[in-house]
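Peer 1: structure of the sequence below:
(5 chains)
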Amino acid sequence: MTTAVSLAAINFNWLPILPLLVVTAGAMVVLLAGVRVSDRDSEGLGWLSLVVIAIAVATSLPMLGAQQVTFSGALVADDFTVFFYIVILLAAAVIVLMSLDYVADEGLPGAEYYALVLFATAGMMLMAAAGDLIIIFLGLETMSISVYILAGLARTDVRSNEAAMKYFLLGAFSTGFLLYGIALVYGATGTIKLHALSTLAVGASPMLLLGVGLLLIGFGFKVAAVPFHMWTPDVYEGAPTSVTAFMAVGVKLAAFAAFLRVFLVHLLGVQSDWSIVLWVLAVLTMTTGNIVALMQTNLKRMLAYSAIAHAGYILVAMTVGSSAAGAAILYYLLGYAFTNLGAFAILIAMARRGHPHETIADLRGLGTREPALAGAMAIMLFSLTGVPPLAGFVGKFSIFSAALNAGYVWLVVIAVLNSVMSAYYYLRPIVAMYTDTGGAEVVRIGSRPALIAAIAIAVIATVIIGIYPQPYMAASTSAFTSAFGKPPLATTASLHP
Amino acid sequence: MPLLPFLFLAALSIIFAAGVILQRHPVHSLLSLVLTLVVIGILFIGLDATTVGFLQMIVYAGAIKVLFLFVIWLLNLQSQPIEGGHLALKFVGALGSAALIAELLVFVLHLPPPVGHSKPLALDYGSIGKLAQGLFTDYLVAFEVTSILLLVGVVGAVALARRTTAGSAPGGAP
Amino acid sequence: MGGYWLSALVFMPLLGAAFVTLQSDERAAWRSAFIFSLIPLAISFYVLAAFDARDAGYQFVEHYNWIPHFGVSYHIGVDGISLFLLLLTTILISLSLLYSGGGDIEFRAREFCFFMLVLETGLLGALVSIDLFLFYVFWEVMLVPMYFLIGIWGHGRKIYAAFKFILYTMLGSLLMLVAILYLVFKARSTLGHLSFDLPDLMTVPLTMTEARWLFAGFALAFAIKVPMWPVHTWLPDAHTEAPTAGSVILAGVMLKMGTYGFLRFAIPLFPDVAAEAAPIFMALAVVGIIFGALVALVQPDLKRLVAYSSVSHLGFVVLGMFALNPQGMEGAVYQMLNHGVSTGALFLLVGMVYLRRHTREIAEFGGLWHSIPVYAGIFMVVMLSSAGLPGLNGFVGEFLILLGAYLHTWLAAVFAVSGLILGALYLFYAYERVMFGPITRDVNRSLPDLSRREVAVMAPLLALMFLMGFFPRPLLNRIEPSVAALLQRTHSHVARIDSHPPTPAVVAAATRTANLR
Amino acid sequence: MVPPSYFMGLSAVLFCIGVLGVLLRRNIIIIFMSIELMLNAVNLAFVALSRAWGNVDGQAIVFFVMTVAAAEAAVGLGIILMIFRNRETVNADEINLMRW
Amino acid sequence: MLIELLIGAIKAIIVLLMVLNLSAILLWFERKGSALIQDRIGANRAAITGVGRRLGLPNLGFVNTLMADPLKLFTKEDFVPAGADKFLHALAPFLAMFPVLITFAVVPFGDTLIIGDRHINLQAANLNVAALYILATIGLGVYGVALGGWASNNRWALLGGIRATAQMISYELAMGLAIVSVVMTYGTLDLQEMCRAQGGVWFGWLPRWGIFVQPVAFLLLLTAGMAETKRVPFDLPEGESELIAGYFTEYSGGKQAVFMLVDFAEIVLVSALITTFFFGGWQFPWLYPDGFHLPGGAFFALPNVAVAIIGIISFTVKVVAFCWLQILARWTLPRFRYDQLMRLGWKGLLPVALANVVVTACVIVLGGV
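Peer 2: Here you go, the predicted model:
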């Protein structure tokens, strides 16, 4: 007869799961609420989603300072998780804000849109909180599948179709590699719990190394590292802009969260085996991203290559693998998230129905016609370039400093040269905005409060995080170190009086 | 699993798998794939993973692949020559795959005997009860996530594939 | 000396910039921008007045934690080297704003004022920063407004020039960042904590190889900014295409950031390498001096001529600096100020004539002496100052530098002197073609002479030229202790150089210097 | 008894056939099928390893992979249908409004 | 060893013969049954030269039809339409046949037969995950129909194939869930175990058949099963008035015979499953392995062989009864419209099946059944 399942055997804990439950339940509520709502007035659903996100943020806060592994190791409740929960949720909130007009205007199906954004958010959060490889896989899939759909949601737009198709095929392809990697790691260790990997040391079995390599490929696809980046530009260009923003920010956050947790926390024992591969990947990614970005005329496409390049900078820190590097990545992601959100929000502000206005030429003269919008765009681009005192600069700074600290001087020099190269293409839109005339007509931004809010949040965050990085730096450090389940390493001391 | 049946099934699966990528007509490819999946399912059963083996046939072969069949019909796909794709890509792909196969085989066939292999299996290994026990305790979160995943799949399929009704999309395509 | 004077000095322009953006009308924007630029000017005068000339160290120091995580602090202060550069900056910004409001900038005035004031913050901030991180931040911050100034209000191939400017500078500065970081982490092993503070970093023991690489990192950044000879190519473009105010600030203050960087950071941090590399730098400086002068000689474009003259003049500064003796270094600091005043004035004058004729081709002019005599007169004074006529400011600096160079390597001084002669040559040659002779173009007959506003702009500069030419002492008094303290670090090398038996010429020169003091 | 490494080898071969299919075929549906083949090859590896380790983890994963495959199939085929409605082709080479 | 194999072979052959014969008989059954229902004579000419009737013997139409139909079909021209996929066209009928036949392997048709000291389980293959196996084979059954329809290169055939596939897939869900609730009730996937669990009585008289525990599942399985067999009222895939003959429009001769055989074999299969799940399989009321224990307390001892034979007969009778029920349904109910069919499957049966599973689970957990 049936074996009674003892519920007590489940290590049940509300802390990490509650925000997830809120988001998924919220998604279903949105879906249901959307049944009778026409696509043209889906704004209400957006506000509903914002409420859901707010509740989820509130429910993630109690996890601060926790240090628990729950659900038989499936989920981890620590500061690392909280950090990513909150950043991902904030990113989702900004995405929703910038979508309010856009979705209704473009005639995208509102209920599905917002529900899928929330589902994808849930998947991202899962990846951040994952304590075993299978949760990472499932989180990744929940996220990816939602985003595949989102990318194709503009069904009559052939470019959107194409983006969805390419993203889907290559995403599924990469999933195969990731999965094979998981299989081999499982084969080498007999378990899929991440903490079991921590005990591995250099000289581990070839099977493990092969598995780690395949995991790298899988993650490489998701974070758009060269040579696994081919999907990025097309998909970024074709997808509806708000979805592109979500891909550039949310997906990347989640992918790096899992990437970090697996490689920098649990696979540190075999770091010497994978860091050289990452070294090469980082260099390739930065350089290719920047070089190709130089030739782009479409802003979305340019931002796609820029996203690739930025993944390269993060990979620099991954290569280093130190605790400082981990913290730097977290900080970098924070700044990167807001900066990109802002940039894409501005692209949305540029667009009018049926006229995407996303080439650099469309920006011409924006500086005189919409000075606020142009100023915001300039700030975002400068932040991406790494001009102080914006978030992008401090992020790059912390990554470079971590890498230098660990002795990767040449890697940093290459990164720096890339950074200079990137200035060229980031400045081109700025030139267009301020020195040329005759670009596209833009809908007065003043009439779209939600969009203004989204842009304002991004700008303010980018500036604040850059000018006074201390609290965010401290948060990143404590978040990253908490992933080790050890007290923070004393890497720095405060200034002597 | 004894060697002879294994070799037989392995050969079958490889032949069918090759059929998937070599057949000209999508339907033939699909049939090859279904057969591959069935053979793999049988291999599962040979590995004492009975439940999973049957699930493989029910879910994969019996349900998912039928969807493919539908789509192929709906699109009324015809035979297509296999060429296409850049020659360079083909070359690199073939080379890469060959390298990967070689690498995997070298690695895999020279593995030390797996740790648990000599241990006698639990009596209920592969049974549905044992699997369920795992799913509802250790993998509870993962299990629940799959429900979300399927919901997303349903929402997505409906959202994407439903016919565009006039007026709901800017293009107003029929 | 406490207080928040320096912070106020640095951030007041930023406040002004914010205020300017709120102005609805352009005239109001000009007015408020000018008024806001006077506040830092006043503060800088206060700082000058309250500056303790005997103190070689930093004054008006403010020191707070900023990013303890990285050991970054908000550490600012002023010493003899930066004191007058602050003053120069505030003066030139005010004058530029005053000038630009008079018709030079015809559109988007609000943004222009905004960028000028942000630029001022960047410049002042970089000058007062003692923390290297802070310095780097301000160093980069000043790029952005300058980029816009060139890109929006420039002429001709302005976009190209702006790009070239920013890419060159960024390349250098990012490599400097790498060097800074390396140094900081190196320092941690001795300090026990991260620190970007200059005094802390000066204590780091480095191997010679490390020091060479790091010095190279810093030096490249500063050399690009100066700009020294092989990496100078951005300058003619940027200067030529920039609007007048932009050129003034660029030449007057921004180029000084490079030499200032050498003095403040590169040399004190790596004194051994500096001493070792001094011959190279002096050689490059001499090449720069002669090259700049020669190229200036053949420029058909007046503004381009002035731009190349900057290459030449800054060669002198570098030459003096790397002589690594009190004469050379004081001369370098003094020459930085001179160049700021004279070249700033020259650019203003070129701008004024451009405004009237919309061309800068020397061939387009001729005989302007007759039509606009006030202009020509002022031009004469400025030109003489730039050429280093005794009695005007240029002479003091150049003489000190040549003296220092001579004390170090006599050959360098010899070559440099030829540069000086060439400098006089191209200036006079240009002046002659522009001002004298018959009026060849009819349009030149009826040109309006300088307006009152323009005279008001030029007057303070002329005053400064005479002041600095006749009374260098008060300035040098304040510069001296800091320079001496700086030279303490390179002392051993200086001692070695001084141990050469002095030649009669040197003795004579030294006595003249002593008299001069 | 067949050692697990044989199964791993078979799985590797099948996986690579799948990869080849993705790289060589231009018909989206066949590419998709090749991906499914890859997933199944991995499943085989999981089951063999699960058997070798004597724990049920591998089987649980296979279960999840099937679910994922189902969801992916639904969405993927939806996308293919949608694209066909607009473009009348499923050839990946012809679907390149944007540079691929 | 050899004898084991032999016994296995014999069991398999018995099952196969039972199914095939029953299917063939059903063909006649249906003709005559429909005639009965429609008040006509039905198939009445298949008498060889009329010998039987002339001699005044009972009508041998039954036997003759059994021979005549296959003979006719197998001697007809095997026609393959132009442009058809010849290989798949030929393969399809067998793809359809194969899963159905192998499903019977796990259906127990009797209790353990003891000969000497050898215990013979009257089930072709004793599989402890039989329920899953059934679902798997039913799932694979789709392909024969689907590919048959597609390979014919005929619009009607393709349409029939699509309809059939969609219908089978849709109803498989409800069917599967019904089986799941049955599995939950008995706590085993083994069909023989299920049959054994249905032995004995409640209240001293009521046989412990599944129908009394899972009536909803029974209705679900019956409905879904009928839909799976694509017969009226669910015969949209082969609705004559719409699609000629649906997916086997372009089949003739032997291949068509196979398709028809599959149809009837499916009927038998559904009946067998219903019998096994809900009507005790080979269980006969009050019959225990040692003989009859009647409600009153009376006891008739029986030898094992007799019990086994009664069991087999009992099973057969039940199966035939359900076959008849299905044929009855065919000739008495009107056909659905296709959207109604889908609606019934997705919005009717599926939710009910899900609810049934939930209720069953609750009852099991809370009631500790």
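
Peer 1: how many neighbours does A:Val57 have?
Peer 2: 17 (other CB atoms under 10 Å in any protein chain shown). Just so you know, the C-beta spots here come from the backbone N, C-alpha and C atoms, and that holds for glycine as well.

Peer 1: residue of the stretch 1-150 of chain E nearest chain C, please.
Peer 2: The stretch 1-150 of chain E approaches chain C most closely through E:Leu132 (57.9 Å), counting by CB to the nearest CB.

Peer 1: which residues touch the residue in the stretch 151-300 of chain C positioned nearest to chain D?
Peer 2: Closest to chain D within the stretch 151-300 of chain C is C:Phe163: 25.7 Å, counting by CB to the nearest CB. When contacts are counted by CB atoms under 8 Å, 6 or more residues apart in numbering or on different chains, C:Phe163 is found next to A:424, A:427, A:431.

Peer 1: in contact with the first one, which residues?
Peer 2: In other words, A:Tyr424. So A:Tyr424 contacts A:294, C:163, C:167 (CB under 8 Å, 6+ apart).

Peer 1: what about those residues, which are in helices?
Peer 2: C:163, C:167 (DSSP state H).

Peer 1: now, which of the contacts of A:Tyr424 sits nearest D:Gly21?
Peer 2: Within these, the smallest distance to D:Gly21 is 35.1 Å, found for A:Leu294 (CB to CB).

Peer 1: might one say that the closest one is in contact with A:Tyr425?
Peer 2: Yes: using CB atoms under 8 Å, A:Leu294 makes contact with A:Tyr425 at a distance of 5.1 Å.

Peer 1: who has more neighbours out of the two?
Peer 2: A:Tyr425 (24 against 13).

Peer 1: for that one, give me its contacts.
Peer 2: A:Tyr425 makes contact with A:290, A:293-294, A:296, A:302, A:306, according to CB under 8 Å, 6+ apart.

Peer 1: quick one: buried ones out of those?
Peer 2: Buried residues within the contacts of A:Tyr425, counting neighbours by 16 or more other CB atoms under 10 Å in any protein chain shown: A:290, A:293, A:296, A:302, A:306.

Peer 1: list the contacts of the third one.
Peer 2: When you say that, I think you mean A:Gln296. Each residue near A:Gln296 by CB under 8 Å, 6+ apart is listed here: A:233, A:302, A:305, A:425.

Peer 1: from chain B, how far out is it?
Peer 2: Counting by CB to the nearest CB, to the nearest Å, the separation of A:Gln296 from chain B is 23 Å.

Peer 1: checking that residue next. Helix, strand or coil?
Peer 2: Per DSSP: H, G, I helix; E, B strand; the rest coil, the local secondary structure of A:Gln296 is coil.

Peer 1: now it: how far from chain D?
Peer 2: 10 Å.

Peer 1: do the same with the fourth one
Peer 2: Using CB to the nearest CB, we find A:Met302 at a distance of 13 Å from chain D.

Peer 1: tell me if I'm right that D:Val62 and D:Ala48 touch.
Peer 2: No: the pair D:Val62 and D:Ala48 fails to qualify as a contact (CB under 8 Å) at a distance of 10.7 Å.

Peer 1: lowest mean pLDDT among the helices and strands of chain B, which one is it?
Peer 2: Lowest on mean pLDDT, DSSP states H and E among the helices and strands of chain B sits helix B:87-109, with a mean of 65.

Peer 1: in chain B, where is pLDDT below threshold?
Peer 2: Within chain B, the stretches with pLDDT under 70 are B:77-95, B:97, B:101-123, B:163-174.

Peer 1: what about 50?
Peer 2: For chain B, applying pLDDT under 50 flags the ranges B:115-117, B:166-174.

Peer 1: and for the stretch 351-497 of chain A?
Peer 2: Across the stretch 351-497 of chain A, residues meeting the criterion (pLDDT under 50) sit at A:486-497.

Peer 1: do that again at 70, thanks
Peer 2: The low-confidence ranges in the stretch 351-497 of chain A, as defined by pLDDT under 70, are A:485-497.

Peer 1: which bits of chain A sit near chain D?
Peer 2: Residues of chain A lying close to chain D (CB under 8 Å from any CB of the partner chain) are A:134, A:137-138, A:141, A:145, A:148-149, A:152, A:155-156, A:158-159, A:161-166, A:168-169, A:172-173, A:175-176, A:179-180, A:182-184, A:186-187, A:190-192, A:230, A:233-234, A:237-238, A:301.

Peer 1: in space, what's closest to residue 111 - neighbours in sequence excluded?
Peer 2: Picked chain A for this. Residue nearest to A:Ala111 in three dimensions, not counting chain neighbours: A:Gly34, with 2.0 Å by CB to CB, 6 or more residues apart in numbering or on different chains.

Peer 1: nope, chain C
Peer 2: C:Ile152 (7.1 Å).

Peer 1: let me see the contact set for the one you found.
Peer 2: C:Ile152 touches A:367, A:434-435, C:108, C:111-112, C:158, counting by CB under 8 Å, 6+ apart.

Peer 1: now with 7 Å, please.
Peer 2: A:434-435, C:108 (CB atoms under 7 Å, 6 or more residues apart in numbering or on different chains).

Peer 1: and of these, the nearest to C:Leu420?
Peer 2: A:Thr435 (39.3 Å).

Peer 1: residues near that closest one, how many?
Peer 2: 19.

Peer 1: pretty sure it sits against C:Gly151.
Peer 2: Yes: using CB atoms under 7 Å, A:Thr435 is in contact with C:Gly151, at 5.1 Å.

Peer 1: all the strands of the stretch 101-250 of chain E, residue numbers only.
Peer 2: Assigned by DSSP state E, counting those that start in this stretch, the strands in the stretch 101-250 of chain E fall at E:108-115, E:118-123, E:201-202, E:206-207.

Peer 1: next, the angle from the second one to strand E:108-115.
Peer 2: Translated: strand E:118-123. Counting by axes from the mean of the first three to the mean of the last three CA atoms, to 10 degrees, strand E:118-123 lies at 170 degrees to strand E:108-115.

Peer 1: just checking, what packs against strand E:118-123?
Peer 2: Helices and strands touching strand E:118-123, as assessed by 3 or more CB pairs under 7 Å, 6 or more residues apart in numbering or on different chains; DSSP states H and E, comprise strand E:108-115.

Peer 1: please repeat the previous calculation with a cut-off of 8 Å.
Peer 2: Judged by 3 or more CB pairs under 8 Å, 6 or more residues apart in numbering or on different chains; DSSP states H and E, the packing partners of strand E:118-123 are helix E:2-37, strand E:108-115, helix E:191-197, helix E:304-332.

Peer 1: quick one, which of the ones you listed is nearest to B:Tyr139?
Peer 2: Closest to B:Tyr139 of those is helix E:191-197 (CB to CB; 27.2 Å).

Peer 1: contact partners of the closest one?
Peer 2: Contacts for helix E:191-197 (CB under 8 Å, 6+ apart): E:106-108, E:111, E:121, E:123, E:126, E:130-131, E:182, E:186, E:188, E:208, E:210, E:276-277, E:280-283.

Peer 1: for PyMOL, write the select line for the buried members of those.
Peer 2: Of the contacts of helix E:191-197, the buried ones go into a single PyMOL selection, burial set by 16+ other CB under 10 Å:
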select buried, chain E and resi 106+107+108+111+123+130+131+182+186+188+210+276+277+280+281+282+283
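
Peer 1: sorry, back to before: for the contacts of A:Tyr425, which one is nearest E:Trp202?
Peer 2: Closest to E:Trp202, out of all of the contacts of A:Tyr425 and judged by CB to CB, is A:Ser306, at 73.7 Å.
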